[in-house]
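Visitor: what's the 3D shape of this:
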Amino acid sequence: MYATTGYSYSNGNHQPQNSEGKRMETSHREKLGKRARRPRDSHGLRVGVHSQRQQQSSPPPCTDFDVAYFNSYAHVGIHEEMIKDRVRTETYKSAIMQHQRFIEGKVVMDVGCGTGILSIFCAQAGAKRVYAVDASSIAVQANEVVKANNLVDKVIVLHGRVEDIEIDEEVDVIISEWMGYMLLYESMLGSVITARDRWLKRGGLILPSNATLYMAPITNPDRYSYSIDFWRNVYGIDMSAMMPLAKQCAFEEPCVETIIGENVLTWPHVVKHVDCYTVQIQELESVTTKYKFLSMMRAPLHGFAFWFDVEFIGPIMSPSNNPYTSSPIESSHDNTADGTQRRKRSNSNEALVLSTAPEEPPTHWQQTMVYFYDPIELEQDQIIEGSLTLSQSKENPRFMNIHLQYTCAGRSFVKESVMR
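Guide: Predicted coordinates for the structure are as follows:
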């Protein structure tokens, strides 16, 4: 357990603006779709010869929203935040070393390499060659980092979208830190799928190998008091007339913040399980789930929290329907019938897990909250049920539309919001 320090809340939508004053997309993590500027390398390999394994249809166009997204990752602050997230960075490093036997002497692709740190970890683990791919101009700095560490003979930095760049060989390993808030925000997983389908060898390794998104009802009276009840008495002045506007401004959009286990009212529900070996881009366009919770305590219900886990599993442990692997064994998470969470396994010889759950050490992803405008008084053993749909915005697929329907105490509600 850990305690929240102070109150610093984000609606997840602090974007830079373009010259017309329109809000452009940013995020707080290192990844990249990939805008193509087809590079030439200096390693005796031709970058620009299509993989012969699979014919590709024309890549999707790079939109203005994509350009804004890539540009947001040119800022060093985003990468600094991610690298300083020790849970994230050290888990990835441990996963690389734990799977060193699959990496040593092999060809690796790092999708969304950012500063190149994961690519360098792979080179240190003995990779024969690492393609570090990034559409952001941070690729320029990544190339300098590679030079400074005397790894130019192993790490090839490619500035472009995975959808556009071309290499002349298949890869043994794909690694990527693609996860967004609520797991799927920013839609970067599609680029990992593209890389998998274009270049991953049969029996190859994907890190992380699978991911699970969870949701649960939460109570957070301190948050409500901080943002809303504050207006009841401001320096002795009744400013409660501000409360409706305060609720709209505070809770209209999803909020990215940290809660603790005591805020969670029930066991969580599995919204979506993603097997990175088999998932298809089309199934990420819209995700729908039905849920039913039983409250474990009496408390005001303020909304729902979302978080995710990812697992790093070697090819031998991957599911049997994985077309790239053999010798399967079941993953520790699945979309169980009742939607409850299976606890991560404690055996260090099994899957390594990176979790953003409230009861785990905090990460830069924190948790994502969808708050109600007004709390609902909840009794112990009371049922909360409904449905959730997460869909890519038609305006910008990197945005996420959230449609939440919930019924409690005989009353039904709908909350719609957009993760921008």
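Visitor: what about the closest residue to residue 392 other than its chain neighbours, distance to residue 60?
Guide: In space, and not counting its chain neighbours, residue 392 is closest to residue 285: 5.3 Å by CB to CB, 6 or more residues apart in numbering. All C-beta spots, glycine's among them, are computed from the backbone N, C-alpha and C. To residue 60, residue 285 is 13 Å away according to CB to CB, to the nearest Å.
Visitor: Point me to the helix or strand that includes residue 196.
Guide: helix 189-199 (DSSP states H and E).
Visitor: send the alpha carbons of that helix over as CSV?
Guide: Taking Å, rounded to 0.1, in the frame of the first residue of the first chain, the C-alpha atoms of helix 189-199 are listed here in CSV:
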residue,chain,number,x,y,z
LEU,A,189,-0.8,-1.3,-29.9
GLY,A,190,-1.8,-1.2,-33.6
SER,A,191,1.7,-0.4,-34.5
VAL,A,192,3.0,-3.4,-32.5
ILE,A,193,0.5,-5.7,-34.4
THR,A,194,1.7,-4.3,-37.7
ALA,A,195,5.3,-5.0,-36.8
ARG,A,196,4.3,-8.5,-35.6
ASP,A,197,2.5,-9.3,-38.8
ARG,A,198,5.2,-7.9,-41.1
TRP,A,199,8.4,-9.2,-39.4
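Visitor: still on that earlier bit, and for residue 285 and residue 60, which residues touch both?
Guide: The contact sets of residue 285 and residue 60 do not overlap (CB atoms under 8 Å, 6 or more residues apart in numbering).
Visitor: my guess is residue 201 is in a strand, correct?
Guide: Yes - assessed with DSSP: H, G, I helix; E, B strand; the rest coil, residue 201 lies in a strand.
Visitor: Can you tell me the number of residues neighbouring it?
Guide: Around residue 201 sit 15 other residues, with neighbours defined as other CB atoms under 10 Å.
Visitor: tell me which residues form a beta bridge with the nearest residue to residue 308 once chain neighbours are set aside?
Guide: Closest residue in space to residue 308, ignoring its immediate chain neighbours: residue 183 at 4.1 Å, by CB to CB, 6+ apart. On the basis of DSSP bridges, residue 183 is bridged to residue 180.
Visitor: And the strands in the stretch 151-300 of the chain?
Guide: 155-159, 171-176, 200-207, 210-218, 255-257, 269-275, 286-294, 299-312 (DSSP state E, counting those that start in this stretch).
Visitor: list the contacts for the residue nearest the centre of the chain?
Guide: The chain has residue 179 as the residue nearest its centroid, 1.9 Å off, counting by CA atoms, centre = their mean. If a contact means CB under 8 Å, 6+ apart, then residue 179 has 29, 188, 211, 308, 310, 365 as its contacts.
Visitor: if you set the cut-off to 7 Å instead, what comes out?
Guide: By CB atoms under 7 Å, 6 or more residues apart in numbering, residue 179 lies in contact with 211, 308, 310, 365.
Visitor: nearest to residue 164, of those residues?
Guide: Checking those against residue 164 by CB to CB gives residue 211 as the nearest, at 25.2 Å.
Visitor: Check the gap between the closest one and residue 271 for me.
Guide: Residue 211 is 11 Å from residue 271, by CB to CB.
Visitor: do residue 298 as well
Guide: From residue 298 over to residue 271 (counting by CB to CB), the distance is 26 Å.
Visitor: Which one's more surrounded, those two?
Guide: Shown here are residue 298 and residue 271; by other CB under 10 Å, residue 271 has more neighbours (22 against 13).
Visitor: Any regions of the stretch 301-420 of the chain where pLDDT drops low?
Guide: 316-350 (pLDDT under 70).
Visitor: before we move on, what about the chain?
Guide: Judged by pLDDT under 70, the stretches of the chain that qualify are 1-57, 316-350.
Visitor: who touches the longest helix belonging to the chain?
Guide: Secondary structure of the chain per DSSP state H: the longest helix is helix 86-98. Contact partners of helix 86-98, identified using CB under 7 Å, 6+ apart, comprise 82-83, 103, 118, 121-122, 125, 177, 207, 312, 352, 354, 361, 363-364.
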